[in-house]
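Asker: prediction below, plus the sequence it came from.
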Amino acid sequence: MTAWRFFPVEVRAIRRLTPTFLRVTFTGDGLGRFADNGYDQRIKLVLPLPDHGLERLPTGEDWYADWCALPDEHRNPMRTYTVRAVRPHLGEVDVDMALHGATGPASTWALSARPGDTACLIGPSADYDGVHGGVDYRPHDDADFVLIGADESAVPAVAAILERMPADARGEAYLEVPSPDDRLDLRKPDGVRVTWLARQGEPHGERLIPAVREATGRIVTPESARQELEDIDLDVDDLWDVPEEPGAGRLYAWLAGEAAVIRTLRRHLVAECGVDRRAVAFMGYWRQGRSEFIV
Ligand SMILES: Cc1cc2nc3c(=O)[nH]c(=O)nc-3n(C[C@H](O)[C@H](O)[C@H](O)COP(=O)(O)OP(=O)(O)OC[C@H]3O[C@@H](n4cnc5c(N)ncnc54)[C@H](O)[C@@H]3O)c2cc1C
């Protein structure tokens, strides 16, 4: 039994939550066995080709290598998303997609998606009893305060994280979204304060960077030792710095969004404030001006 599997799905419902967020509810016979791991469980969303739907999607053991080897016009678009909710008893999975215009296959698909449209999810199988992987919110045992920073691409993950936090959790979450109308009602512990930051046409990070810097300055003790940090060239490498080993200290931070914004925050927290880098998950969820998959 494999940890991840293909789930052929179709759209059951579409709901515009705010000007930016679109909730797509998928249904499919197999979704009764989709594992409900919560937190920031990531999945792949595979979209149909205009004339061939999903019939050319390789699904064998080496599907990824086979998918990469396909000519561009035969390769189904595939993008990374977060599970927003799973209802196995109804055979349903929700994915909240942040619309950013017709600039990529996923956002373009979402703009015209209708009930009955087909797609495929690659996600965790409930028939596998090991750890599936793909959940990066992993606070260490000593952490008693959580600092979260995210843009709209990571708001669905934050919403799912807040729902699964223990009721006595404490922390602050800063969520940068395009407009004030993009605020969502989030279920969260009373001890976690959520601050929505509307960009209102300003560049990505314009509101998030100062807010997280200010919060870090208040939370982190000045005696922390600053740490050396290797530079990341975002034209070559992804920004994905998620601790495998547990960190130390009372703070755990989870930061996700546009890669250059997260790189700036990483430098601030680790190199300038001395936050233990094993206590922070830094994740570039997307990169300005670049498609997610360049095969
Ligand atoms: C672990 C993980 C979980 C994610 N979960 C979600 C989720 O639940 N919901 C969600 O909406 N996104 C999520 N994302 C981000 C999503 O994968 C990217 O936004 C992806 O690039 C969208 O694909 P696309 O086909 O629309 O655009 P692409 O073809 O990848 O890119 C086309 C153009 O659009 C730009 N672009 C891409 N994303 C954005 C954006 N968000 N805002 C503005 N411009 C953008 C790119 O810079 C590029 O110029 C997640 C990413 C990761 C790594």
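Answerer: Thanks, I have the structure now. Since the structure is predicted, the reported quantities are computational estimates derived from the model, not experimental observations.
Asker: next one: R114 from I14, what distance?
Answerer: As judged by CB to CB, to the nearest Å, R114 and I14 stand 7 Å apart. Where C-beta positions appear, they are placed from N, C-alpha and C, glycine not excepted.
Asker: which of the two has more neighbours?
Answerer: Just comparing R114 and I14: by other CB atoms under 10 Å the higher neighbour count belongs to I14, 16 against 7.
Asker: now R187. Nearest residue, chain neighbours left out?
Answerer: E163 (5.1 Å; CB to CB, 6 or more residues apart in numbering).
Asker: in the lengthiest helix in the chain, what counts as buried?
Answerer: Taking DSSP state H as the criterion, the chain has its longest helix at helix 208-219. Residues of helix 208-219 classed as buried: 208-209, 211-213, 215-216, 219 (neighbour count, 16 or more other CB atoms under 10 Å).
Asker: partners of the helix or strand just after that helix, with directions?
Answerer: Heading C-terminal from helix 208-219, the first helix or strand you meet, by DSSP states H and E, is strand 240-241. Counting by DSSP bridges, the strands paired with strand 240-241 are strand 280-286 (antiparallel).
Asker: please save the CA atoms from the partner strand in CSV.
Answerer: Extracted as CSV, the C-alpha positions of strand 280-286 are listed here (Å, rounded to 0.1, in the frame of the first residue of the first chain):
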residue,chain,number,x,y,z
VAL,A,280,10.8,27.8,11.8
ALA,A,281,9.3,26.4,8.6
PHE,A,282,10.1,28.8,5.8
MET,A,283,8.2,28.0,2.6
GLY,A,284,8.2,29.8,-0.8
TYR,A,285,4.7,28.7,-2.0
TRP,A,286,5.1,30.5,-5.3
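Asker: quick one: mean pLDDT for it?
Answerer: Computed over strand 280-286, the mean pLDDT rounds to 96.
Asker: now stretch 205-219
Answerer: 96.
Asker: check whether that stretch contacts the ligand.
Answerer: No: against the ligand, stretch 205-219 shows no contacts by CB under 6 Å from any ligand atom, the least distance being 11.9 Å.
Asker: centre of the chain to that stretch, how far?
Answerer: Taking CA atoms, centre = their mean, to the nearest Å, the mean C-alpha location of stretch 205-219 is offset from the chain mean by 20 Å.
Asker: same thing with stretch 279-295?
Answerer: From the chain centre to the centre of stretch 279-295 is a distance of 10 Å (CA atoms, centre = their mean).
Asker: what does stretch 136-149 give?
Answerer: Centroid displacement of stretch 136-149 relative to its chain, using CA atoms, centre = their mean, is 16 Å.
Asker: what do you get for stretch 32-42?
Answerer: Centroid displacement of stretch 32-42 relative to its chain, using CA atoms, centre = their mean, is 13 Å.
Asker: returning to that earlier point: residues in contact with the longest helix of the chain: which ones?
Answerer: With contact meaning CB atoms under 8 Å, 6 or more residues apart in numbering, helix 208-219 is reached by 145, 147, 149-151, 172, 174, 176, 195, 197, 251, 253, 255, 257, 261, 264-265, 268-269, 273, 275.
Asker: please pick the buried ones from these.
Answerer: Neighbour counting by 16+ other CB under 10 Å classes 145, 147, 149-151, 172, 174, 176, 197, 251, 253, 255, 257, 261, 264-265, 268-269, 273, 275 among the contacts of helix 208-219 as buried.
Asker: select from the residues you listed every entry located in helices.
Answerer: Within the buried ones among the contacts of helix 208-219, residues falling in helices by DSSP H are 261, 264-265.
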